[in-house]
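Asker: Attaching a predicted model along with its sequence, questions to come.
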Amino acid sequence: MKTAVRLDDITPDMDHDKFEKVRSILDENGIRPLIGVVPYSKDETLRIEKPDDDFDKLIKELQDAGWIIALHGYNHLYTTKSKGIFPINSFSEFAGVDYDKQEVMIRQGLAQLREWGIEPTVFMAPGHTFDANTIKALKANGIEKITDGFGNRPYIRDGITFYPISSRRSDCISDKEGYSTYVLHTNTMSDKGIEDFADMIKNHMDCFISYDEYIKVTPEERGFLGNLKEYMMATAKHILISKRASKGTIIHSGDT
């Protein structure tokens, strides 16, 4: 498996120390990831440190270094219990919200990133949840790529190219054919988790690619049966996550 890396929840008040540790690992190995930047974050759980006044310069620096920037929602607040069309979770910032409001959120979010000198080409939905209105609003604003879905290579659905994430950590470093994405939430990674990530890359370097390589892979057309299979896989993943949560099991970065 050829695996790209994505980092979620990038905000001015994130845990910058953990982010820089992960950044160093990626830089040392020549891996350029996708990062999801929240334009107007109001999520208290993401407020780890005092906001960095030079955050916009950091993101521009990363973009100039070849990192791919994704629009990670609007303010990262979950306002509905809709699962949308990729039902890993039963909460969402976008799924279940009317089209006009979603379009404004996406348009204003893009405007903020562009004000920072960033030109995002990929959408990263908070909670992995989005619906048909999200896709319509993205296309209306010129965004034709989404980081989500299950599969072994990029695929086209409703005029949008999807870049699948891993359903299991083990798949990322397997001998299987295809492509996937390893998801990290740097804010919640432990020191051990960061060390494990470094070892994972060190021991399986041949499995990892930069995200700009991933988006060059020719996507396949996907029909009803492929979409149904994905929906069932996401539903099964949701049930697994819910069971782990009810037992107090920690869901580590990369598990979803």
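Answerer: That came through fine. The model shown is predicted, which means the values in this text are computed figures rather than measured ones.
Asker: use CA for all of it now, contacts and neighbours both
Answerer: OK.
Asker: which one is the residue most central in space within the chain nearest to, not counting chain neighbours?
Answerer: By Cα atoms, centre = their mean, the chain has its centre lying nearest to Met124, at 4.8 Å. With sequence-adjacent residues excluded and distances taken as Cα to Cα, 6 or more residues apart in numbering, Met124 is closest to His72, at 4.6 Å.
Asker: what about stretch 233-251, average pLDDT?
Answerer: On average, the pLDDT along stretch 233-251 is 74.
Asker: picking that back up, could you report the pLDDT at the residue nearest to Met124?
Answerer: Reported pLDDT for His72: 98.
Asker: any idea how far it is from Glu119?
Answerer: Distance, His72 to Glu119, by Cα to Cα, to the nearest Å: 13 Å.
Asker: more crowded one of these two?
Answerer: Neighbours per residue (other Cα atoms under 10 Å) separate His72 from Glu119, with His72 holding more: 30 against 17.
Asker: so the more buried one makes contact with Tyr40?
Answerer: No - applying Cα atoms under 8 Å as the test, His72 and Tyr40 come out as separate, 9.8 Å apart.
Asker: returning to what we had before: check the contact between the residue nearest to the centre of the chain and Ile143; I expect there is one.
Answerer: No - if you go by Cα under 8 Å, Met124 and Ile143 don't touch, sitting 10.9 Å apart.
Asker: Can you list the residue ranges for helices in the stretch 101-250 of the chain?
Answerer: For the stretch 101-250 of the chain, the helices defined by DSSP state H, counting those that start in this stretch occupy 132-140, 169-172, 191-203, 211-214, 224-246.
Asker: Residues in contact with the second one: which ones?
Answerer: It stands for helix 169-172. Counting contacts by Cα atoms under 8 Å, 6 or more residues apart in numbering, the residues outside helix 169-172 that touch it are Met1, Lys2, Thr3, Ser166, Ser180, Thr181, Tyr182, Cys207, Gly254, Asp255.
Asker: Distance of Gly159 relative to Leu138?
Answerer: Distance from Gly159 to Leu138, by Cα to Cα: 10 Å.
Asker: right, and the helices of the stretch 101-250 of the chain - which one's nearest Asp53?
Answerer: helix 191-203 (25.8 Å; Cα to Cα).
Asker: quick one: buried residues of the closest one?
Answerer: Ile194, Phe197, Ala198, Ile201 (16 or more other Cα atoms under 10 Å).
Asker: repeat for stretch 32-43
Answerer: Arg32, Pro33, Leu34, Ile35, Gly36, Val37, Val38, Pro39, Tyr40, Ser41.
Asker: phi, psi of the residue nearest to Met124?
Answerer: Backbone torsions of His72, given as degrees, to the nearest 10, read phi -100, psi 70.
Asker: Which parts of the stretch 51-200 of the chain are strands?
Answerer: 68-71, 122-123, 145-146, 155-157, 160-162, 179-184 (DSSP state E, counting those that start in this stretch).
Asker: nearest to Gly223, of the ones you listed?
Answerer: Nearest to Gly223, of the strands of the stretch 51-200 of the chain and by Cα to Cα, is strand 155-157 at 7.8 Å.
Asker: Neighbouring strands - and their directions - for that closest one?
Answerer: Its sheet considered, strand 155-157 pairs with strand 160-162 (antiparallel), strand 220-221 (parallel) by DSSP bridges.
Asker: Surely Thr235 touches Ser90?
Answerer: No - counting by Cα under 8 Å, Thr235 does not reach Ser90; the two are 10.0 Å apart.
Asker: Could you list the low-confidence segments of the chain?
Answerer: In the predicted model of the chain, residues 244-256 satisfy pLDDT under 70.
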